[in-house]
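**Q** I'd like to go over a predicted model; first the sequence, then the structure.
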Amino acid sequence: MMLKTILTTIFSSLLLISCNKETYKTNKRTKQNINSDWSYLEKPFKQSWNIPPDAKWKTIDLPHTWNNEDATDNLPGYRRSASWYRKNIPIDKIDLNQRYVLHFEGVNITAKIYVNGNEAGEHIGGYIGFEIDMTPFIKKGENEVLVRVDNGYDRNIIPSQKSDFFIYGGITRDVWLVKKPNLAIGNVKLTTPEVSHKRASLKIDLSIDGSIEKDQLFLNTIVRDVEGKKIASKSRNVTGNLGSILITEIQHPKLWDIDNPNLYEVNIQLSDNEGVIDEVVEKFGFRWFEFKENGPFYLNGKRVLLRGTHRHEEHAGVGAAMTNEQHRKDMELIKAMGANFVRLAHYPQDPEVYKACDELGILVWDEIPWCRGGLGEKQWQKNTKGMLREMINQNYNHPSIIIWSLGNEIYWLPDFEGGDDRAKINSFLIELNSIAHGMDPTRKTAIRKYYEGADIVDVFSPSIWSGWYSGSYKSYQKALDTYKPLYKNFVHVEYGGSSHVGRHSENPITGEGKILSEGWEEAIVQTGAANIAQIGDWSENYIVDLFDWHLRITETDSTFAGNAQWAFKDFGTPLRPENDIPYINQKGLVDRDGNPKDAFYVFKSYWGKEPFVYIESHTWTERQGPENVARNVCVYSNCTDVTLFQNGKSLGAKNRDINMFPASGLNWDVKFKEGFNILIAKAKDEAGNMVSDTIRVNYRYKRNDSAKGLKLTSQKTENGNYLVTAIAVDKDGLRCLDYEDKVYFQCLEGGMLSKNQGTPLGSEIIGMANGKASIELIPDETLMDLKIMVLNQNFKGTYLTIKK
């Protein structure tokens, strides 16, 4: 990173003893959240003195991005430029024995900070925290802080602009005002040289920031177990700005693992003869892990199948400017699904994410943002190495992290001439690998989809997209058997495919890649699908089957380390304007607002611990087919036995067996009655408690004709808004369940649409799902009636008026 000398890098994992949610303090050290009441100016002035006195600032709270909606609106491109942030910080009394520091958890993608008109520091890289020492520039009273943030194109800064995700601009994470003594504890690095079920040791390496002028300085440490009980302590004299303490013979440690993420605490005090000068507290865990050569993964001596997913840092309506509560909710949902492993793609993420993984028991693949773009020149290489060092320094103490990833698809689409030269890439990759192992010999390095570098790093993932970008999903076992002997430590990251919420097919593409009849025709010629991503219908059914097959394979392979599905949540991307939800990668198990799709329950049926049943599907309640033609209904559950009822009549109980496909054998051939059918699935958990799920399916024996128009209806919601729904209908008024074209919503007066959210109910342009599309309509405070329109290329306009 390009940092001024007054800028110091700190661990984002550093915890201070807390007195309340917003302010943390120990003795003379305080850490106060200053997210509220900032001013924002969306103008790219180069210098602070260029800002005119009459500039129109807007009041905002942090986190903030100016791309929260324009990234996913209907206009090509998104704002890639600079903006300014301003905050007045009152200091009633200046303590000359303290330093006043601004701690930014993340500013994307470059930042320059001014304090009272003075340039105080700068930082390059949007996904890693940094500190600015404002002490030399402060004054008694109001102190003006200005931050220039720029996410403009700069090929010297990773990630490449050709990456398949948005590079959000803004102060996208928390900001803190830290006050600490002039002589203070700096970086704290915790390692566990010895760990077993019988005993463990803790090594503390730290730095002392400031000038040591006293003869008698001491470091005192206290280790507390998961219950807060003191179990060890040690003291030593301070002889320089670097110190080390080894605490041995911690008996029978409670190990950190995925089921019991036991966290210990070490309290570190810097003292002199008069008392404590500074104090910090760090959380840590005792654990060890191993990748068996050409085989599985072990945690604390026990084989653990890595059951993983991926996470991009963004959410509907806020983009990358997520609150800590939103971060935490994501990770809790991932854990509730049963995952024990997450790849943070393709960049280091908010400190709250690592904290959650430590506390929930989720193993982490952490990754620098070298995503595509090839190898850059001297400045690029300096920036990239700096980001790796910062990532390791800041996240070192998290027991959840097992892998430092050096990049993804790094050779692809080079930004510099000759940037795809494999020999030069390998030389730089070796340098990165050496940096990572030099800073942290206890963890593994990794890379994905750069085959020429597979032997440089410790862990490698090839690209396998069975059943989506190539081949069929039933070829997955063959792919695993091919790659396992080729790579010493093989973990498969990225597999899956896109699904559009509410879109279903009576006969989705098969595991052999065949397109079959939906049952109306007596016989047809089967059609092969070479690239399902391009020609498939993006139905939820197909993705459910794809994941079901992949999980069945991995759960029964005792020699496999594990994999990670791509991706947990739908996310924005500038590279996919033609998707059913424009500019959204729809490969998520949940939508961009965090609502589970059908595929979420497939994973939960294999991995989840809380007993449940789920009938496929709650978004498939309008169906059709010939009379007396049975339809296969799947129930996803982690219970041993499930019974399905149709209109009060039992269709029989079935035993769950993961060797059977689909739905581990929990599927029934159902002959629907014309009209409404009530399906109820029931099961008992191990304690005998009943769990159930119910859906109502409206089934018809008549096949719809081609679409002849669009019909609009509305329903008032609990929050006072309206859910407006467009239905494609044929000449007889039947809903066209095979209609998938995009429709375009517009509110003409009386309110506004919930648009630019990138969600099934928050997109004014959206592909229809089985002839249906909906959007939320928000009334304004006027007396005007609500008027809304929907149209597309074939149907030139349907209008609806809603009386207020």
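**A** Everything's here; your move. Residues are numbered from 1 along each chain as shown.

**Q** ok now stretch 52-69, how far from the chain's centre?
**A** Mean C-alpha position of stretch 52-69 versus that of the full chain (Cα atoms, centre = their mean, to the nearest Å) differs by 25 Å.

**Q** for that stretch, buried residues please.
**A** 60, 62-69 (16 or more other Cβ atoms under 10 Å). The way it works is simple: take the backbone N, C-alpha and C, and place the C-beta from them, glycine included.

**Q** could those go into a markdown table alongside pLDDT, secondary structure and distance to Val613?
**A** Shown next, in a markdown table, are the buried residues of stretch 52-69 (pLDDT from 0 to 100; DSSP: H, G, I helix; E, B strand; the rest coil; distance: Cβ to Cβ, whole Å):
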| residue | pLDDT | secondary structure | distance to Val613 |
| --- | --- | --- | --- |
| Ile60 | 98 | strand | 45 |
| Leu62 | 98 | coil | 42 |
| Pro63 | 98 | coil | 38 |
| His64 | 98 | coil | 42 |
| Thr65 | 98 | coil | 40 |
| Trp66 | 98 | coil | 44 |
| Asn67 | 97 | coil | 40 |
| Asn68 | 97 | coil | 37 |
| Glu69 | 95 | coil | 38 |
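
**Q** hmm, which two among the residues you listed are most spread apart?
**A** Maximum pairwise distance among these (Cβ to Cβ): 17.2 Å, between Leu62 and Glu69.

**Q** ok, now which ones touch Asn35?
**A** Counting by Cβ atoms under 8 Å, 6 or more residues apart in numbering, Asn35 touches 61-63, 174-175.

**Q** beta partners for the nearest residue to Gly361 once chain neighbours are set aside?
**A** Closest residue to Gly361 apart from its sequence neighbours, by Cβ to Cβ, 6 or more residues apart in numbering: Pro261 at 3.7 Å. On the basis of DSSP bridges, Pro261 is bridged to Trp256.

**Q** what's the mean pLDDT across stretch 713-727?
**A** On average, the pLDDT along stretch 713-727 is 96.

**Q** what sits up against it?
**A** For stretch 713-727, the surrounding residues in contact (Cβ under 8 Å, 6+ apart) are 710-712, 735, 743, 745, 754, 761, 768, 771-779, 786, 788, 790, 798, 800, 802.

**Q** would you check that Asp225 makes contact with Tyr264?
**A** Yes. If you go by Cβ atoms under 8 Å, Asp225 and Tyr264 touch, sitting 5.9 Å apart.

**Q** and stretch 338-355, end to end?
**A** End-to-end distance for stretch 338-355, by Cα to Cα, to the nearest Å: 18 Å.

**Q** report the contact partners of Asn97.
**A** Counted by Cβ under 8 Å, 6+ apart, Asn97 has contacts 28, 181-182.

**Q** and if you look at Tyr476?
**A** Taking Cβ under 8 Å, 6+ apart as the test, what Tyr476 contacts is 464, 466-467, 495, 549-550, 553.

**Q** next, the buried residues of stretch 233-242.
**A** Taking 16+ other Cβ under 10 Å as the criterion, stretch 233-242 shows Val238 as buried.

**Q** how about that stretch as PDB, C-alpha atoms only?
**A** This file holds the C-alpha atoms of stretch 233-242, laid out as PDB (Å, rounded to 0.1, in the frame of the first residue of the first chain):
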ATOM      1  CA  SER A 233      -0.400 -15.400  33.200                       C
ATOM      2  CA  LYS A 234       3.100 -14.200  32.500                       C
ATOM      3  CA  SER A 235       5.100 -11.000  32.700                       C
ATOM      4  CA  ARG A 236       8.300  -9.700  31.300                       C
ATOM      5  CA  ASN A 237      10.400  -6.500  31.000                       C
ATOM      6  CA  VAL A 238      10.200  -4.400  27.900                       C
ATOM      7  CA  THR A 239      13.600  -4.000  26.300                       C
ATOM      8  CA  GLY A 240      12.700  -2.600  22.900                       C
ATOM      9  CA  ASN A 241       9.900  -1.800  20.500                       C
ATOM     10  CA  LEU A 242       9.400  -5.500  19.700                       C
END
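
**Q** contacts for that stretch?
**A** Here stretch 233-242 makes contact (Cβ under 8 Å, 6+ apart) with 205-209, 212, 216-223, 243, 245-247, 270.

**Q** one more: stretch 367-374?
**A** Contacts of stretch 367-374 (Cβ under 8 Å, 6+ apart): 125, 127, 155, 158-163, 343-348, 384, 387-388, 391, 404-416, 419-420, 425.

**Q** switch to 6 Å and redo it
**A** Stretch 367-374 has contacts (Cβ atoms under 6 Å, 6 or more residues apart in numbering) with 158-160, 162-163, 344, 346-347, 387-388, 391, 405, 407-415, 419-420.

**Q** and these, which are buried?
**A** Buried among the contacts of stretch 367-374 (16+ other Cβ under 10 Å): 158-160, 162-163, 344, 346-347, 387-388, 391, 405, 407-412, 414-415, 419-420.

**Q** buried stuff in stretch 376-396?
**A** Buried-residue list, stretch 376-396, by 16+ other Cβ under 10 Å: 376, 380, 383-396.

**Q** thinking the residue nearest to Gly361 is in contact with Val364, fair?
**A** No. Between Pro261 and Val364 there is no contact under Cβ atoms under 6 Å: 12.0 Å.

**Q** who has more neighbours out of these two?
**A** Using other Cβ atoms under 10 Å as the criterion, Pro261 and Val364 rank with Val364 on top: 24 against 20.

**Q** my hunch is that Lys179 is in a helix, does that hold up?
**A** No. Counting by DSSP: H, G, I helix; E, B strand; the rest coil, Lys179 is located in no helix; its state is strand.

**Q** tell me the bridge partners for it.
**A** Thr30, Tyr100.

**Q** try the one 10 residues further on
**A** Note on Lys189: beta-bridge partners Asp205, judged by DSSP bridges.

**Q** test my guess that it contacts Lys203.
**A** No. Counting by Cβ under 6 Å, Lys203 is not a contact partner of Lys189; they are 8.4 Å apart.

**Q** which of these two has more neighbours?
**A** More crowded of Lys189 and Lys203, by other Cβ under 10 Å: Lys189, with 18 against 15.

**Q** which parts of stretch 718-737 are buried?
**A** For stretch 718-737, the neighbour count (16+ other Cβ under 10 Å) marks 721-722, 724-730, 734-737 as buried.

**Q** ah, wrong one, I meant stretch 737-744
**A** Counting neighbours by 16+ other Cβ under 10 Å, stretch 737-744 gives 737-744 as buried.

**Q** same list, the residues you listed, but as JSON lines with secondary structure, distance to Tyr583 and pLDDT please.
**A** Putting those into JSON lines (DSSP: H, G, I helix; E, B strand; the rest coil; distance: Cβ to Cβ, whole Å; pLDDT from 0 to 100) gives the following:
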{"residue": "Leu737", "secondary structure": "coil", "distance to Tyr583": "27", "pLDDT": "97"}
{"residue": "Asp738", "secondary structure": "coil", "distance to Tyr583": "26", "pLDDT": "95"}
{"residue": "Tyr739", "secondary structure": "coil", "distance to Tyr583": "22", "pLDDT": "96"}
{"residue": "Glu740", "secondary structure": "coil", "distance to Tyr583": "18", "pLDDT": "96"}
{"residue": "Asp741", "secondary structure": "coil", "distance to Tyr583": "18", "pLDDT": "96"}
{"residue": "Lys742", "secondary structure": "strand", "distance to Tyr583": "13", "pLDDT": "97"}
{"residue": "Val743", "secondary structure": "strand", "distance to Tyr583": "17", "pLDDT": "97"}
{"residue": "Tyr744", "secondary structure": "strand", "distance to Tyr583": "15", "pLDDT": "97"}
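
**Q** which two among the buried residues of stretch 718-737 are spaced furthest apart?
**A** Asn721 and Asp730 (30.1 Å).

**Q** state whether Ile425 is indeed within a helix.
**A** Yes. Looking at Ile425 with three-state DSSP, it is inside a helix.

**Q** thought it was touching Gln381?
**A** No. The criterion here is Cβ under 6 Å, and Ile425 misses it with Gln381 at 11.1 Å.
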